[in-house]
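K.L.:
Everything below, folded, please.
(one chain, ligands or ions: 1)
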Amino acid sequence: MEKDSSFLFGGISFNRKKFASDFNRFKWKNTADLAEKLQLIEKEHETIDNSLEKLEFVKNGKSEMEDEANTSVGKKRKRKEKGTVSDSVEGFAVFKSSKLKKEVASEENDQSVNELVEGKKEYFRQLERDAIFRKMHNIHVSGSNVPSPLHSFAELRSRYKCRSYLLRNLAELGFKEPTPIQRQAIPVLLSGRECFASAPTGSGKTFAFVFPILMKLKHTSKDGVRAVILSPTRELASQTTRECRKLAKGKKFYIRLMTKQLAKSGDFSKLRCDVLVSTPLRLKFAIRKGKLDLSRAEFLVLDESDKLFEPGMLEQVDFVVKACTNPSILRSLFSATLPDIVEERARTIMHDAVRVIIGRKNSASETIKQKLVYVGSEEGKLLALRQSFAESLNPPVLVFVQNKERAKELHDELKLEDIRLDVIHSDLSQIQRENAVDNFRAGKTWVLIATDVVARGMDFKGVNCVINYDFPDAAAAYIHRIGRSGRAGRRGEAITFYTEADIPFLRNIANVITSSGGEVPEWIMSLTKKKWRKHRPRRETISTQPDI
Ligand SMILES: Nc1ncnc2c1ncn2[C@@H]1O[C@H](COP(=O)(O)OP(=O)(O)OP(=O)(O)O)[C@@H](O)[C@H]1O
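P.N.:
Okay, the predicted model is just below:
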């Protein structure tokens, strides 16, 4: 396990007045400013180092700071998320200002004390470097002893002895730099720590959990399942399996998708499986029916964890979690939206987990231009959609509706037009759903009408525009739907139609828009925020055809 750590100052409060000079030293505005501060800090180390050597607690080999920090770990979590002065740097300022004034012990030094002092000095430098680096990449962490973030993929070899095949595969995929979530979540998992992670849509969370699994597995399974990844939909499970295979290319890992056939096949006693990707229901079925044994699983990932914790899925997830009985299993939760309630629930099953948040929690990707469009009525929506297609259809476009009935209606309404159109919803067969996804991916379909079955996790490259034909039923649904566009740093667009029925919930979406840098009219911001449960109003039919 790694030695690097930043928990020491996790909970020390910071008096800005008292330590104004220290505070100003760490008050930065931009990346260039940060680099300058880094240099400044390096210079100041000499003075600090000299003083450090004289401290009694260092001589005694006992870290008073650790004790001090341990008493208040977690207190600053809220403040951390706001992205104020980075935690360890802040703590360092406190330490520097208070400890240096303390009594100084005798000048006698022996070699072991020197070594200890050297170790401490390097440790502080590392804390500062980590804090600054995290600040630059908008990474917020909490938890004890958080491993240093990755500066490059090459570091995976020097720090973790990463196998060449993995680095080769990353290069073949065209990945030059780790994304912020990969920079922090990969070291956390590789250090054997459990993890809650939240990062914007399209920011590379899949590889952030797949990579450490493949690295840790090393050899192919002789029997049993070694890693389990749960996804809320079949489409996402299938995509994750494919991504996992891409990264494992050249290595004979057994990476399996729990299909209906496999779930029904019965005898899992001889199953060799390194990574098993499944929806919770299929896995529960397989455990029950086929006596699939997960007792040796070393990893459990709950992808789109907030969705998995919703009623309806929670019971199945709970069943799977309980079936993974290996006491040293590493569990991790990933999602672009991670409500506090999910974290609280998850904490009950996790041990000493590290929390990694990229940017602001529960916000949309900043690369998406978001627009709200008033359409008055259902009829108005159809007119607005036709008009937008006529004026500026820029495929691929995803159109989200409230339910499968409405998906069918809108498809029927538009299918005779000169647009390559398709539809996906849960009433279609597995093959039909797969074809719809494949054709959209391949560019054969220009416009895909969809329910929320493809709202989460699906990585359709280059979706130019997401249209919320029907207003989403929650802020999280909005963030995930529009996140099918603007992925991996690309630009995207999201248009949300709203009618009178949706106005009470407009402010919630407006907040998401403003928190990701967008603008909304003043009158919307002055609406009161309505606490929403699922907003699924009864809507008039889309169909303009007379009933026969
Ligand atoms: N380091 C990287 N450099 C460049 N592209 C990357 C990198 N890591 C992942 N990607 C690409 O970014 C895209 C989005 O990744 P991914 O699907 O993992 O996002 P996500 O964060 O899981 O999104 P969502 O919240 O919607 O599930 C994918 O096409 C993936 O191949």
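
K.L.:
Quick check: mean pLDDT of the helix or strand hosting residue 126?
P.N.:
Residue 126 belongs to helix 111-136 when assigned by DSSP states H and E. Computed over helix 111-136, the mean pLDDT rounds to 88.

K.L.:
now stretch 199-207
P.N.:
Confidence for stretch 199-207, expressed as mean pLDDT, is 97.

K.L.:
Which of the helices or strands spans residue 273?
P.N.:
strand 272-278.

K.L.:
Next up, the contacts around the closest residue to residue 313 other than its chain neighbours.
P.N.:
In this structure, residue 313 finds its nearest non-sequential neighbour in residue 280, 5.5 Å apart by C-beta to C-beta, 6 or more residues apart in numbering. To be clear about C-beta, it is placed using only N, CA and C from the backbone, and glycine gets the same treatment. Listed by C-beta atoms under 8 Å, 6 or more residues apart in numbering, the contact partners of residue 280 are 230, 232, 308, 313, 316, 317, 319, 320.

K.L.:
Quick one: name the residues of the stretch 51-200 of the chain near the ligand.
P.N.:
When proximity is defined as C-beta under 6 Å from any ligand atom, the stretch 51-200 of the chain approaches the ligand at 175, 178, 179, 182, 199.

K.L.:
the strands in the protein, which residues?
P.N.:
Taking DSSP state E as the test, the strands found in the chain are 139-142, 195-198, 224-230, 255-257, 272-278, 299-303, 330-335, 354-358, 368-376, 397-400, 421-424, 447-450, 465-468, 492-499.

K.L.:
what comes up buried for the second one?
P.N.:
Buried residues in strand 195-198, counting neighbours by 16 or more other C-beta atoms under 10 Å, are found at 195, 196, 197, 198.

K.L.:
Contacts only, for the last one.
P.N.:
Pointing back at residue 198 there. Contacts of residue 198 (C-beta under 8 Å, 6+ apart): 334, 335, 336, 337, 338, 356, 357, 358, 361, 362.

K.L.:
measure residue 371 to the ligand for me?
P.N.:
Distance of residue 371 to the ligand, given as C-beta to the nearest ligand atom, to the nearest Å: 20 Å.

K.L.:
pLDDT at that residue, what is it?
P.N.:
96.

K.L.:
what bridges to the closest residue in space to it that isn't next to it in sequence?
P.N.:
Excluding the flanking residues, the one nearest residue 371 by C-beta to C-beta, 6+ apart is residue 495, at 5.0 Å. Note on residue 495: beta-bridge partners by DSSP bridges are residue 371, residue 467.

K.L.:
and residue 495, what does it touch?
P.N.:
Residue 495 touches 371, 373, 388, 465, 466, 467, 468, counting by C-beta under 8 Å, 6+ apart.

K.L.:
Could you export those as JSON lines, including distance to residue 152?
P.N.:
Putting these into JSON lines (distance: C-beta to C-beta, whole Å) gives the following:
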{"residue": "371", "distance to residue 152": "37"}
{"residue": "373", "distance to residue 152": "43"}
{"residue": "388", "distance to residue 152": "42"}
{"residue": "465", "distance to residue 152": "34"}
{"residue": "466", "distance to residue 152": "33"}
{"residue": "467", "distance to residue 152": "39"}
{"residue": "468", "distance to residue 152": "38"}
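
K.L.:
closest to the ligand among these?
P.N.:
Closest approach to the ligand among the contacts of residue 495 (C-beta to the nearest ligand atom): residue 466, at 11.7 Å.

K.L.:
picking up where we left off before, going by distance to residue 270, which of the buried residues of strand 195-198 wins?
P.N.:
Comparing the buried residues of strand 195-198 against residue 270 with C-beta to C-beta places residue 195 closest, at 32.1 Å.

K.L.:
I'd guessed that closest one sits against residue 188; true?
P.N.:
Yes. Counting by C-beta atoms under 8 Å, residue 188 is a contact partner of residue 195 at 4.8 Å.

K.L.:
Between the two, which contacts overlap?
P.N.:
Residues touching both residue 195 and residue 188 (C-beta under 8 Å, 6+ apart): 354, 356.

K.L.:
which bits of the stretch 301-450 of the chain sit near the ligand?
P.N.:
Applying C-beta under 6 Å from any ligand atom, we find that the stretch 301-450 of the chain lies next to the ligand at residue 336.

K.L.:
Pick out the residue of the stretch 301-450 of the chain closest to the ligand.
P.N.:
residue 336 (4.0 Å).

K.L.:
which residue packs closest to that residue, ignoring adjacent ones?
P.N.:
Nearest to residue 336 is residue 201, by C-beta to C-beta, 6+ apart, at 4.6 Å.

K.L.:
contacting residues for the one you found?
P.N.:
Contacts of residue 201 by C-beta under 8 Å, 6+ apart are 336, 364, 365, 479, 480, 482, 483, 484, 486, 487.

K.L.:
rerun that using 10 Å as the cut-off
P.N.:
335-337, 363-365, 367-368, 455-457, 459, 479-487, 492 (C-beta atoms under 10 Å, 6 or more residues apart in numbering).
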